[in-house]
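> Curious how this folds, go ahead:
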Amino acid sequence: MGKDSRYTISQLAKAAKAPTSTLRYYERIGLLEPEDRSQANYRLYGDESLRRLRFIRAAQGIGFTLDHVSTLLGNRDGKAPTCHEVQTLIEERLAEIETRLKDLRHVKRVLNSSLKKCLESEPNENCQVIETLRSRSLG
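Alright, predicted model coming up:
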């Protein structure tokens, strides 16, 4: 097995395709820690940090919050979560998504109705949609 790579924060950010400011934030909240220091006292990260960072980004990519990510990484108590704990997080996330989808379906219906009103009105008339929005903002 080869020697573990060493990355500065900018090299790690480039390897993970993430901004260095994001990595610094992850450090501040305890999701990422430098594994070593250079002679010039620069923070150094290894392959494990890169794997951890990629995990964080992948978990965020499917909608987990950083609190959830911390739980998934076992940061709270140092232990990896059980399958039941992960299942609970997934169920919570799915419930959130279902709520958002319901909200988006409502927005879609309102926009379709508004578009229909626009298409039915004369182009030079006052827009009924604007009038409806104005009356709702006043009431």
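> quick check: domain ranges of this structure?
Structurally, the chain divides into domains by automatic domain parsing as follows: 1-63, 82-139.
> Check these for me and report the most buried one.
domain 1-63 (a mean of 14; mean count of other C-beta atoms under 10 Å). Heads up, the C-betas are built off the backbone N, CA and C, glycines and all.
> Just give me how far that one sits from the chain centre.
Mean C-alpha position of domain 1-63 versus that of the full chain (C-alpha atoms, centre = their mean, to the nearest Å) differs by 17 Å.
> any idea which element the one residue sitting closest to the centre of the chain lies in?
Among the residues of the chain, the one closest to the centroid is residue 60, at 4.2 Å (C-alpha atoms, centre = their mean). Here residue 60, judged by DSSP states H and E, is contained in helix 47-61.
> What average pLDDT does that helix get?
Taken as a whole, helix 47-61 has an average pLDDT of 94.
> Also stretch 96-116?
Across stretch 96-116, the average pLDDT comes to 93.
> where along this protein do the strands fall?
For the chain, the strands defined by DSSP state E occupy 36-37, 43-44.
> looking at these, which has the lowest confidence?
strand 36-37 (a mean of 87).
> contacting residues for the nearest residue to residue 12 once chain neighbours are set aside?
Excluding the flanking residues, the one nearest residue 12 by C-beta to C-beta, 6 or more residues apart in numbering is residue 45, at 4.7 Å. By C-beta atoms under 8 Å, 6 or more residues apart in numbering, the contact set of residue 45 is 6, 7, 8, 9, 12, 32, 34, 35.
> For residue 45, give the beta-bridge partners.
Beta bridges link residue 45 to residue 7, judged by DSSP bridges.
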